[in-house]
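Participant: sequence and predicted structure are below.
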Amino acid sequence: RPAPSRSPSSGAAGAGIAAVGESYQKFNPRAYLQNNYMPPRADFSSEDCVVPWKLRCLADAFATGDIYGRTLIDVGSGPTIYQLLSACDHFEEIIATDYLEVNREVLRRWVQDEPDSFDWSPYIKYVCRIEGKGEQWKEKEQKLRGKLRQILPIDVHQPEPLGSQLCQPADALVSTFCLEAVSPDRPSFERALHNVTTLLQPGGHFLLIGALQETFYLAGEAKLSVVPVSEADVREALSKSGYHIHDFRTYLMPPSLKIGVDDVSGVFFVHAQKKAVV
Ligand SMILES: C[S@@+](CC[C@H](N)C(=O)[O-])C[C@H]1O[C@@H](n2cnc3c(N)ncnc32)[C@H](O)[C@@H]1O
Ligand SMILES: O=S(=O)(c1ccc2c(c1)CN[C@@H](CF)C2)N1CCSCC1
């Protein structure tokens, strides 16, 4: 008998992952954007709100000047681009990725400035303001559109998440609300992190944002399961995948933002660096 396959497609782990993939077939990008990226969660009125906090985390990380290079890959982009706004001055090419064609199409339509695309201007204006470079928001919007040259399919549960499409490891990764939202349990979360780490060159930086202690979220008809993770769980997973953690911040979701679209308790931001091979 051949040795049991260790690929994620076999056994209980494979069944859990297959169920996640099935649940995403009902994911509605427009509903997801409405739930998370429009008021009340899209509130820019105070630095204490979740959007300013998250955009500040990303802007501060890039402002160090330590994170730059030729390519940055965004893992599990979904229908959103806010997570790339502070990156676009530091990379020649940004590669967006998602599991679903519906989300890749939403991103393509935004890049092409199609009339029915989501209005990210409040986010772009805010990032221009906190970066303090005097950049006009339309300038940053066009700059990001110009850098977003590839929008690729991805599956973080595969040992090679991008299949054979990646010619060389990226200089940096970004991933927001993806790994915990697509993993049925902690071991698959850790394996997914290990898999995406193969996309990053040694010494490369990873900006990882996610949900703390969340068990579900809604996106139209879809109700998606989320593996609840704590700060310690995230730190352990990063350590197992060979990262050094430069910065770890958490944000506690205020009751006013607990609006029934999920049961998230908080948000984490990590600036991690893949250890160079010695
Ligand atoms: C909660 S959304 C995050 C979207 C976006 N990054 C954000 O910050 O809002 C999770 C995303 O993971 C994608 N996804 C689902 N299964 C995946 C898989 N196996 N590998 C990679 N991405 C997957 C979904 O299509 C969805 O766009
Ligand atoms: O923290 S958010 O409200 C947010 C944004 C996205 C998500 C969640 C929370 C929680 N559920 C996740 C499901 F995976 C998706 N936020 C939305 C505005 S921009 C900063 C992030």
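Facilitator: Perfect, thanks for sending it. Numbering: from 1, shown residues only. Ligands and ions are numbered 1, 2, ... in the order given.

Participant: so stretch 238-255, near ligand 2 or not?
Facilitator: No - contact of stretch 238-255 with ligand 2 (Cβ under 6 Å from any ligand atom) is absent, the minimum separation being 6.8 Å. C-betas here are computed from N, CA, C, even on glycine.

Participant: measure Tyr217 to ligand 2 for me?
Facilitator: 4 Å (Cβ to the nearest ligand atom, to the nearest Å).

Participant: and Arg30, by the same measure?
Facilitator: Distance, Arg30 to ligand 2, using Cβ to the nearest ligand atom: 15 Å.

Participant: just how off-centre is stretch 264-277 within its chain?
Facilitator: Here stretch 264-277 is found 11 Å from its chain centre; the criterion is Cα atoms, centre = their mean, to the nearest Å.

Participant: can I get that stretch in PDB, CA atoms only?
Facilitator: The C-alpha coordinates for stretch 264-277 follow below in PDB (Å, rounded to 0.1, in the frame of the first residue of the first chain):
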ATOM      1  CA  VAL A 264     -15.200  39.100  15.300                       C
ATOM      2  CA  SER A 265     -13.700  40.100  18.600                       C
ATOM      3  CA  GLY A 266     -10.700  42.100  17.400                       C
ATOM      4  CA  VAL A 267      -8.300  42.600  14.500                       C
ATOM      5  CA  PHE A 268      -4.500  41.800  14.500                       C
ATOM      6  CA  PHE A 269      -1.800  43.300  12.500                       C
ATOM      7  CA  VAL A 270       1.600  41.600  12.200                       C
ATOM      8  CA  HIS A 271       4.800  42.800  10.500                       C
ATOM      9  CA  ALA A 272       6.900  39.700  10.100                       C
ATOM     10  CA  GLN A 273      10.000  38.800   8.200                       C
ATOM     11  CA  LYS A 274      10.900  35.400   6.700                       C
ATOM     12  CA  LYS A 275      14.200  34.400   8.300                       C
ATOM     13  CA  ALA A 276      17.100  34.200   5.800                       C
ATOM     14  CA  VAL A 277      18.500  30.700   5.200                       C
END
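
Participant: and for that stretch, what's in contact with it?
Facilitator: 50, 53-54, 57-58, 61, 197, 200-214, 217, 231, 234, 238, 241-253, 258 (Cβ atoms under 8 Å, 6 or more residues apart in numbering).

Participant: one more time with 7 Å
Facilitator: Contact partners of stretch 264-277, identified using Cβ atoms under 7 Å, 6 or more residues apart in numbering, comprise 50, 54, 57, 61, 197, 200, 202-214, 231, 234, 238, 242-253.

Participant: as a whole number, average confidence for that stretch?
Facilitator: Mean per-residue pLDDT for stretch 264-277: 96.

Participant: so does it get close to ligand 1?
Facilitator: No - using Cβ under 6 Å from any ligand atom, we find that stretch 264-277 stays clear of ligand 1, coming within 10.2 Å at best.

Participant: in that stretch, what's buried?
Facilitator: Val264, Ser265, Gly266, Val267, Phe268, Phe269, Val270, His271, Ala272, Gln273, Lys274 (16 or more other Cβ atoms under 10 Å).

Participant: circling back: which of the contacts of stretch 264-277 count as buried?
Facilitator: By 16+ other Cβ under 10 Å, the contacts of stretch 264-277 give 50, 54, 57, 61, 197, 200, 204-214, 234, 238, 243, 246, 249, 251, 253 as buried.

Participant: run through who's touching stretch 179-194.
Facilitator: 8, 13, 16-17, 19-20, 76, 156-157, 210-211, 214, 217, 224-227, 229, 233, 237, 240-241.

Participant: quick one: buried residues of it?
Facilitator: Leu179, Glu180, Ala181, Val182, Ser183, Pro184, Ser188, Phe189, Glu190, Arg191, Ala192, Leu193.

Participant: what's the last one sitting at in phi/psi?
Facilitator: Think Leu193. phi -60, psi -40 (degrees, to the nearest 10).

Participant: and what of the second one?
Facilitator: With angles defined as degrees, to the nearest 10, Glu180 sits at phi -70, psi -20.

Participant: check contacts around the closest residue to ligand 1 within the stretch 101-250 of the chain.
Facilitator: Among all residues of the stretch 101-250 of the chain, Thr176 sits closest to ligand 1, at 3.4 Å; criterion: Cβ to the nearest ligand atom. Going by Cβ under 7 Å, 6+ apart, Thr176 touches Gln83, Ile209.

Participant: kindly report the same for Asp262.
Facilitator: Each residue near Asp262 by Cβ under 7 Å, 6+ apart is listed here: Glu214, Phe216, Tyr217, Leu218.
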